[in-house]
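Trainee: with the sequence up front, the predicted model follows.
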Amino acid sequence: MATFSIRAFQASDWTAVWSLLHQTFEAGDTYAYAPDSSEADIHRAWIESPAATFVTCLEDGTLAGTYCLKANQPGLGAHVSNCGYVVAPARQGRGIAAAMCEHSQRRALALGFLAMQFNLVVSTNVRAVRLWQRLGFSIVGTLPHAFRHRTLGLVDAFVMHKQLAREAPELLAGDAVPPTNDPRLQDRSDSVTLTGPRVRLRELRASDADALVTAASDGELWNLPFTVVPSARTVHDYVRNALDGRAIGSMIPFVTELIQTGEVIGSTRFWKIDRTHRKLEIGSTWIAARWQKSFVNTEAKWLMLDHAFEQLHCVRVQFTTDETNAKSRAAILRLGAQQEGIVRHERLMPDGRKRNSVRFSIIDDEWPTLRKRLIDRLART
């Protein structure tokens with residue numbers, strides 16, 4: 001049996017995803033989408049509107065399935081998630097749907113959802129009904145003749161529901177973070193990798209500790225007074241805190257690698273992730289001394305901003321830096337971010353100093369113009 005992996009949707013996946021979705025919806029036997037739905041309509045429904053979209057690929061890169069995850073209802077019902085799954089007909093019966101469903105439940109928990117609900121499971125889709133029941137979903141309602149089956153006419157549909165909080169309550173408790181040796185933190189199938197022409201941002205792993213210290217030793221960056229950079233003494237706490245944040249969905253920590261050599265030359269992260277209001281912060285960025293004032297920071301920021309606005313559909317991305325860090329402040333302004341003000345005593349530094357921080361932001365309305373500007377800058381470096 002072919003092995004497969006699940007990863008976040010990328011723009012380059014769309015042609016294959018659209019072909020699969022179009023084939024499925026045109027059949028008119030499992031989904032309520034109109035069989036003649038346009039490509040633009042389906043792109044909005046499956047890619048643009050959901051909180052997250054994932055694809056399942058075989059070892060050779062062939063697309064085998066996809067799912068999208070979103071809030072079931074807005075506002076006061078937004079704590080319940082909804083998910084749609086599609087598996088290529090030739091790949092059905094191989095465990096892909098089950099794997100995607102289990103994967104989506106982990107992602108839903110990480111995004112803060114407390115339950116998952118399927119609003120229209122066609123009763124004649126017996127394989128799906130049995131699978132969802134096996135995975136813990138219950139039929140909580142029957143909708144008489146709610147689905148117009150393309151060949152069978154009017155058939156019933158089920159509402160199916162599962163309470164996710166009971167499955168992993170430790171992920172919802174603020175003071176009960178899984179330890180770093182928890183298997184959920186190892187080799188995540190939903191990990192994010194952002195790849196540019198010369199720089200790759202790969203999710204941090206526990207095994208990266210030594211490489212981080214090596215990178216930070218170029219300039220002895222742990223001695224900087226305005227940011228936290230790991231040393232041989234502090235790196236394990238640094239990595240553990242980052243992976244703990246990843247486990248509860250509040251951050252996505254990366255190592256910065258050179259594509260040509262695979263060398264780790266720094267670290268950065270998404271954090272303060274707020275899925276409800278679609279905003280986050282890019283921060284905790286440091287780069288080995290010999291790669292500062294090079295293409296590295298610009299390319300890394302471009303990758304992160306593009307992912308935040310184009311894939312996560314953020315309406316706001318913010319940056320926060322030490323008031324005394326003139327180089328960082330200038331670099332953020334060069335990205336096109338707007339300075340919003342100074343936050344007094346925003347955090348305590350390891351040496352006990354009460355740090356004043358400068359806050360900057362880029363909002364979605366500004367992104368198209370800034371995107372073109374960053375692309376032009378990268379072309380010149």
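Mentor: Looks like it came in fine. Numbering: from 1, shown residues only.

Trainee: which residues are contacting the helix or strand that M160 is a member of?
Mentor: M160 is part of strand 153-163 when elements are defined by DSSP states H and E. With contact meaning CB atoms under 8 Å, 6 or more residues apart in numbering, strand 153-163 is reached by 105, 114-124, 129, 132-133, 135-149. All C-beta atoms are positioned from the backbone trio N, CA, C, and that covers glycine.

Trainee: of these, just the buried ones, PyMOL syntax please.
Mentor: Selecting the buried subset of those in PyMOL, with 16 or more other CB atoms under 10 Å as the burial test, is done by:
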select buried, resi 105+115+116+117+118+119+121+122+123+129+132+136+137+146+147+149
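
Trainee: what segments of the protein are helices?
Mentor: 14-27, 39-43, 96-110, 126-134, 209-217, 235-247, 295-306, 326-335, 367-380 (DSSP state H).

Trainee: about what we covered before: in strands only, show me the contacts of strand 153-163.
Mentor: In this view, these that belong to strands under DSSP state E are 115-122, 138-149.

Trainee: flag the shaky bits of the protein, pLDDT-wise.
Mentor: 1-2, 165-190 (pLDDT under 70).

Trainee: what's opposite the nearest residue to H149 once chain neighbours are set aside in the beta bridge?
Mentor: Among residues not flanking H149 along the chain, V155 sits closest, at 4.9 Å (CB to CB, 6 or more residues apart in numbering). Per DSSP bridges, the residues bridged to V155 are F147.

Trainee: just to revisit the earlier point, in TSV: the helices of the chain, plus distance to T193.
Mentor: Compiled in TSV, the helices of the chain are given as follows (distance: least, CB to CB, whole Å):
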stretch	distance to T193
helix 14-27	18
helix 39-43	23
helix 96-110	16
helix 126-134	29
helix 209-217	16
helix 235-247	14
helix 295-306	10
helix 326-335	22
helix 367-380	19
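
Trainee: and L69, which of those is closest to it?
Mentor: helix 96-110 (5.4 Å; CB to CB).

Trainee: now for the closest one, which elements pack on it?
Mentor: strand 4-8, strand 52-58, strand 63-71, strand 80-87, strand 115-122, helix 126-134 (3 or more CB pairs under 8 Å, 6 or more residues apart in numbering; DSSP states H and E).

Trainee: count of neighbours near T24?
Mentor: 20 (other CB atoms under 10 Å).

Trainee: quick check: it touching V86?
Mentor: Yes: in terms of CB atoms under 8 Å, T24 counts as a neighbour of V86; the distance is 4.9 Å.

Trainee: nearest to F360, out of the helices of the chain?
Mentor: Of all the helices of the chain, helix 326-335 comes closest under CB to CB, at 4.9 Å.

Trainee: can you list contacts of that closest one?
Mentor: By CB under 8 Å, 6+ apart, helix 326-335 touches 226-227, 297-298, 301, 305, 319, 321-322, 339, 358, 360, 362, 370, 374.

Trainee: same thing but 10 Å
Mentor: 226-227, 282-283, 285-286, 292-293, 297-298, 301-302, 305, 317-323, 325, 337-339, 358-362, 370, 373-374, 377 (CB atoms under 10 Å, 6 or more residues apart in numbering).

Trainee: those residues, buried ones only, as a PyMOL selection?
Mentor: To isolate the buried ones among the contacts of helix 326-335 in PyMOL, judged by 16+ other CB under 10 Å, type:
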select buried, resi 226+227+282+283+285+286+292+297+298+301+302+305+317+318+319+320+321+322+325+337+358+359+360+361+362+370+374+377
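
Trainee: just the ones in strands from the contacts of helix 326-335, please.
Mentor: 282-283, 285-286, 317-322, 338-339, 358-362.

Trainee: Provide a list of residues in contact with I342.
Mentor: So I342 contacts E323, N356, S357, V358, R359 (CB under 10 Å, 6+ apart).

Trainee: let's see 6 Å
Mentor: N356, V358 (CB atoms under 6 Å, 6 or more residues apart in numbering).

Trainee: do the one 5 residues further on as well
Mentor: If a contact means CB under 6 Å, 6+ apart, then R347 has R355 as its contacts.

Trainee: what about it, distance to G283?
Mentor: 11 Å (CB to CB, to the nearest Å).

Trainee: with A115 instead?
Mentor: The value you get for A115 to G283, if CB to CB is used, is 32 Å.

Trainee: do the same with F9
Mentor: 25 Å.

Trainee: before we move on, what about D13?
Mentor: 29 Å.

Trainee: for C314, same thing?
Mentor: According to CB to CB, C314 and G283 sit 14 Å apart.

Trainee: just H43 next, same as before
Mentor: 31 Å.

Trainee: how about A337?
Mentor: 12 Å.

Trainee: over to Q105?
Mentor: Taking CB to CB, one finds Q105 at 29 Å from G283.

Trainee: is Y67 in a bridge, and if so with what?
Mentor: Bridge pairing for Y67 - DSSP bridges - gives F54, Y85.

Trainee: repeat for K354
Mentor: Assigned bridge partners for K354, using DSSP bridges, are L348.

Trainee: would you confirm that it contacts R344?
Mentor: No: counting by CB atoms under 6 Å, K354 stays clear of R344, with 8.3 Å between them.

Trainee: residues in contact with L204?
Mentor: Shown in contact with L204 (CB under 6 Å, 6+ apart): A242, P253, V255.

Trainee: which non-adjacent residue is nearest the first one?
Mentor: Counting by CB to CB, 6+ apart, P253 is the residue found nearest to A242 once chain neighbours are left out, at 3.8 Å.

Trainee: just checking, that neighbour touches L243?
Mentor: No: here P253 lies out of contact with L243, judged by CB under 6 Å, at a distance of 7.3 Å.

Trainee: what is in contact with these two at once?
Mentor: With CB under 6 Å, 6+ apart as the test, P253 and L243 reach no residue in common.

Trainee: residue contacts, V17?
Mentor: T66.
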